[in-house]
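Q: Model the structure of this input:
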Amino acid sequence: MKRALCVLVVGTGWLWGCTAVQGQEQVSFGRIKPPAPEQIRAQLFTWLKEQAKVDGEKLRQAETLWAAESRPVLARVAEILALGSPEAQRLLEQAANPEAIMPTEVPALIRQSADPFFKANLGLAYARLLCLRKAYEEALEVLKLVRPEHVVDPGAYYFYRAVAEHKTLNREETLRSVDRLFDQVEGVPERYFVLASLLKYDLQSWDGRKNLDYVARRMDEISGRLDNARGGPKTQAKQKEILDLLSKMIDQLEQQLQQQQAGAGQGGGGQGGGRSSGGPPGGGTTRSSGPATDSGILGGAGEGKVDMKELIKRPDLWGKLPEKERVKVLEAVRREYPPHIAEAIEAYLQQIAKSSEPR
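A: Purely as a prediction, here's the structure:
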């Protein structure tokens, strides 16, 4: 059951509007005005003194960090929160470290925090770093717990939320976040406006159906998960979905090809279209009648077409192929598929090879 709470944040001017509450996630409506720098500073230093209880030396360090006005406000706030909380510092350092293992759930420091300012801004800074690490699913789980009217940069909140939703193929949610960025946040930075517009344009070219475009996008998502050592059951389920979809698409293409060949054979009968005993119809290229081997991904055709069906059924073959064979397969993929799909397939195959390497 969804319930609406009309709220008015008195004395801050951050939000005039309503908040809808559904489950664990709270979504704000109305115009959100980014807080003025003096408001942010006042709240930040109140937190340092009353919650973090830092000494005079750390307060002076915080003043120095805050004075670096050429840097984004979220970056400065995150560093000052880390200065006052060793746990926050460790969390942000872990998220920024490309070698660190990603947590599988929202950290308790964010999830259990009772301080709205600390929770929202540490959560946003953490989610931003997760997006940079391609841990989009994890970033989205964090952002669902964050109230945009409590962050120092509402534009960053909706932008990174849209990015995480886009990369996890949540089409309608992405469009909704982009619209909220445009319609509800005052003074959206140009970089967010331009990039969010590109996200929206990209989704308008895909209607959400599970077609080749969907496969390419899902492969990109899986590559990101493998980059972060996320090869568990959830990633395997996503991989199986892709394998099943590609296998089904290839079956459909083969059926279409057989129908076309049958129609061509009927139309060309008696016009020199005979064939020698055991040869293919119309004198086409020959195919081996023997079973496929580990290096049998490239078909017997002289054009070097890829037997994607064989590769899809047995992705372990890719890891066993010699480098020369892999190069041939990649060249054939580039010839046979549109550029963005070919790039996704290449990235996926590279991840398979990487995951099969001895550690």
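
Q: tell me the strands in this structure, going along the chain?
A: With DSSP state E, the ranges of strands along the chain come out as 3-8, 15-22, 25-32.

Q: hey, least reliable of the ones you listed by pLDDT?
A: Mean pLDDT per stretch puts strand 3-8 lowest among those, at a mean of 34.

Q: What segments of the stretch 151-300 of the chain are helices?
A: Ranges of helices within the stretch 151-300 of the chain are 154-167, 171-184, 190-204, 212-227, 233-267, based on DSSP state H, counting those that start in this stretch.

Q: ok, residue 171 touching residue 202?
A: No - using CB atoms under 8 Å, residue 171 is not in contact with residue 202; the gap is 10.1 Å. C-beta: built from backbone N, CA, C; applies to glycine.

Q: More neighbours: these two, which one.
A: For residue 171 versus residue 202, neighbours defined as other CB atoms under 10 Å are more numerous around residue 171 (16 against 13).

Q: Give me the pLDDT for the more buried one.
A: The model reports residue 171 with a pLDDT of 89.

Q: go on, residue 134?
A: Per-residue confidence at residue 134 stands at 87 (pLDDT).

Q: burial measure for it, as a count.
A: 20.

Q: Measure how buried residue 81 is and give me the count.
A: Neighbours of residue 81 (other CB under 10 Å): 23.

Q: what sits against it?
A: The neighbours of residue 81, taking CB atoms under 8 Å, 6 or more residues apart in numbering as the test, are 44, 47, 88, 118, 121, 122, 125.

Q: switch to 7 Å and redo it
A: Residues near residue 81 by CB atoms under 7 Å, 6 or more residues apart in numbering: 88, 118, 121, 122.

Q: Kindly provide the distance from the third one to residue 150.
A: Applying CB to CB, to the nearest Å, the value for residue 121 to residue 150 is 7 Å.

Q: And for the second one?
A: When CB to CB is applied, the distance between residue 118 and residue 150 equals 9 Å.

Q: Residue 187 too?
A: The value you get for residue 187 to residue 150, if CB to CB is used, is 17 Å.

Q: Compare these two (neighbour count), which wins?
A: residue 150 (23 against 8).

Q: Run a quick neighbour tally on the residue nearest to that one when sequence neighbours are not counted.
A: Nearest residue to residue 150, sequence neighbours excluded (CB to CB, 6 or more residues apart in numbering): residue 120, at 3.6 Å. For residue 120, the neighbour count with other CB under 10 Å is 21.

Q: contacting residues around residue 120?
A: 146, 147, 150, 151.

Q: Distance to residue 96 and pLDDT for those residues - can I get that in JSON lines?
A: Output for the contacts of residue 120, formatted as JSON lines (distance: CB to CB, whole Å; pLDDT from 0 to 100):
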{"residue": "146", "distance to residue 96": "19", "pLDDT": "96"}
{"residue": "147", "distance to residue 96": "24", "pLDDT": "94"}
{"residue": "150", "distance to residue 96": "23", "pLDDT": "95"}
{"residue": "151", "distance to residue 96": "19", "pLDDT": "97"}
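
Q: JSON lines for those residues, including distance to residue 256?
A: Below are the contacts of residue 120 laid out as JSON lines (distance: CB to CB, whole Å):
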{"residue": "146", "distance to residue 256": "48"}
{"residue": "147", "distance to residue 256": "52"}
{"residue": "150", "distance to residue 256": "55"}
{"residue": "151", "distance to residue 256": "52"}
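
Q: Provide a list of residues in contact with residue 122.
A: By CB under 7 Å, 6+ apart, the contact set of residue 122 is 81, 88, 110.

Q: Any figure for the gap between it and residue 194?
A: Separation of residue 122 from residue 194 (CB to CB) stands at 27 Å.

Q: re the thing from before, closest to residue 206 among the contacts of residue 120?
A: Closest approach to residue 206 among the contacts of residue 120 (CB to CB): residue 146, at 27.4 Å.

Q: give me every residue that touches the closest residue to that closest one other than its chain neighbours.
A: Take residue 146 and drop its neighbours on the chain: the residue closest to it by CB to CB, 6+ apart is residue 123, 4.4 Å away. Taking CB under 7 Å, 6+ apart, we find residue 123 in contact with 110, 142, 145, 146.

Q: Please report which of the residues you listed has the highest neighbour count.
A: residue 142 (27 neighbours).

Q: Correct me if wrong: it contacts residue 129.
A: No - Residue 142 is beyond contact range of residue 129, at 10.1 Å (criterion: CB atoms under 7 Å).

Q: Quick check: the residue nearest to residue 146 vs residue 99, distance?
A: To residue 99, residue 123 is 23 Å away according to CB to CB.

Q: Next: residue 66.
A: Plainly put, residue 66 is 30 Å away from residue 99 if you go by CB to CB.

Q: between those two, which one's more packed in?
A: residue 66 (19 against 6).

Q: List the contacts of the closest residue in space to residue 130 that isn't next to it in sequence.
A: Nearest non-adjacent residue to residue 130, counting by CB to CB, 6+ apart: residue 139, 3.8 Å away. Shown in contact with residue 139 (CB under 7 Å, 6+ apart): 127, 130, 131, 160, 164.
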